[in-house]
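Visitor: I would like the atomic coordinates for the input below:
(one chain, ligands or ions: 2)
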Amino acid sequence: MKPAVILYKSLPDDLRAKLDQHFSVTEVKDVSPETVKQHAAQFAAAQGLLGSGGKVNDELLASMPALRACSTVSVGYDNFDVDALNQRNVLLMHTPTVLTETVADTMMALVLSTARRVTELDKWVKAGEWKKSIDAEHFGIDVHHKTLGILGMGRIGLALAQRAHFGFGMNILYNARRQHEEAETRFGARACDLETLLKESDFVCISLPLTAQTHHMIGAEQLKLMKPSAILINAGRGPVVDEQALTAALKDGTIHAAGLDVFEVEPVPADAEILTLPNVVALPHIGSATHETRYGMARDAVDNLIAALSGKVEKNCVNPQVQA
Ligand SMILES: NC(=O)C1=CN([C@@H]2O[C@H](COP(=O)(O)OP(=O)(O)OC[C@H]3O[C@@H](n4cnc5c(N)ncnc54)[C@H](OP(=O)(O)O)[C@@H]3O)[C@@H](O)[C@H]2O)C=CC1
Ligand SMILES: O=CC(=O)O
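Guide: Ligands and ions are numbered 1, 2, ... in the order given. Model prediction:
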């Protein structure tokens, strides 16, 4: 008999067919308590769980006693209670690498669009405001040869450093927990403490995961250390930045602008004050959202679940120790 799995994200047809070949699949819309209640027998019998979004916590795991592996269609796994998974010997698979270059492209797009006021001036032109040649009121700031500070020099941070260094001749600073020799040798990146990075960078770019240590790592105190001309880019996770403090800093000129792909609450409420600010470029968490990359992530997530449930995990596992 094929192992039972719960699918909580729709997949391209060919990948869904592959999943069906290996497993007996129940597709649900999410993993909320209401959905679990509606499909209690299927959740109870499932050995695998594949999808993204929604909390996978103790409460959900208690309703899935047969679960052996989760496969998330994302690299970030802050939605998962990893300790609870470890206690139950449940593997957690994710999709690093396949999305790295695409997310770095998105971050560079935010750097350029905030510095050169692309979205703001696009709205201005379309509103028929372009009546004579523009003056200093509409000028942006240069990106090339400036200093770009990266918080989190992991896979995405490295790909961003590559673009900024080779494409734009930028100086690279970084802050991480350990030294990243590759970044230093290839891109001349300089490791520094958070305070130095914030003080010296023209662009502060966040590609950090959300953890207890990174939650609100950037608050009012840290924003005050940044240059008034500096721009903050966040494509890590919203709660890494205290959004209320950021809103205040953008309003009172503590910093110049922000480019945000992620927010403390997602979708960001339509009436959030931060959305009213002209010096904010806001994206709906699209870091990896290209056709090619989202397909690649879904493909890897399917392959990851097949590997996990057949005892053949070689990569993309957050907690390989639970295989023992
Ligand atoms: N906006 C979007 O659509 C997307 C967002 N993301 C986000 O980007 C994150 C990073 O992805 P990826 O680059 O693949 O992950 P990696 O694990 O490769 O990199 C994470 C980096 O963060 C650093 N880090 C972690 N904790 C701390 C800390 N407390 N202080 C300083 N540095 C820290 C790590 O440091 P060290 O190297 O020293 O261990 C590492 O350099 C994801 O977890 C996710 O949240 C990812 C994809 C898409
Ligand atoms: O935010 C997206 C991810 O893959 O993590």
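Visitor: any figure for the gap between the closest residue to ligand 1 within the stretch 1-150 of the chain and ligand 2?
Guide: Residue of the stretch 1-150 of the chain nearest ligand 1, by C-beta to the nearest ligand atom: Gly76 (3.1 Å). Heads up, the C-betas are built off the backbone N, CA and C, glycines and all. Using C-beta to the nearest ligand atom, to the nearest Å, we find Gly76 at a distance of 3 Å from ligand 2.
Visitor: just Phe43 next, same as before
Guide: With C-beta to the nearest ligand atom as the criterion, Phe43 and ligand 2 are 24 Å apart.
Visitor: how many neighbours does the closest residue to Phe168 other than its chain neighbours have?
Guide: In this structure, Phe168 finds its nearest non-sequential neighbour in His144, 4.6 Å apart by C-beta to C-beta, 6 or more residues apart in numbering. His144 has 10 neighbours, counted by other C-beta atoms under 10 Å.
Visitor: low-confidence ranges, the protein, go.
Guide: 324 (pLDDT under 70).
Visitor: Ser207 is in contact with the residue of the stretch 1-150 of the chain closest to ligand 1, correct?
Guide: No: when contacts are counted by C-beta atoms under 8 Å, Gly76 is not listed as touching Ser207 (10.4 Å).
Visitor: what residue in the chain comes nearest to ligand 1?
Guide: Closest point on the chain to ligand 1, by C-beta to the nearest ligand atom, is Gly154, at 1.7 Å.
Visitor: if I pick that residue, what's in contact with it?
Guide: For Gly154, the contact set (C-beta atoms under 8 Å, 6 or more residues apart in numbering) comprises Ala176, Ser207.
Visitor: am I right that the residue nearest to Phe168 sits in a strand?
Guide: No: assessed by DSSP: H, G, I helix; E, B strand; the rest coil, His144 does not belong to a strand; its assignment is coil.
Visitor: and it, backbone torsions?
Guide: Here is the backbone geometry of His144 (degrees, to the nearest 10): phi -60, psi 140.
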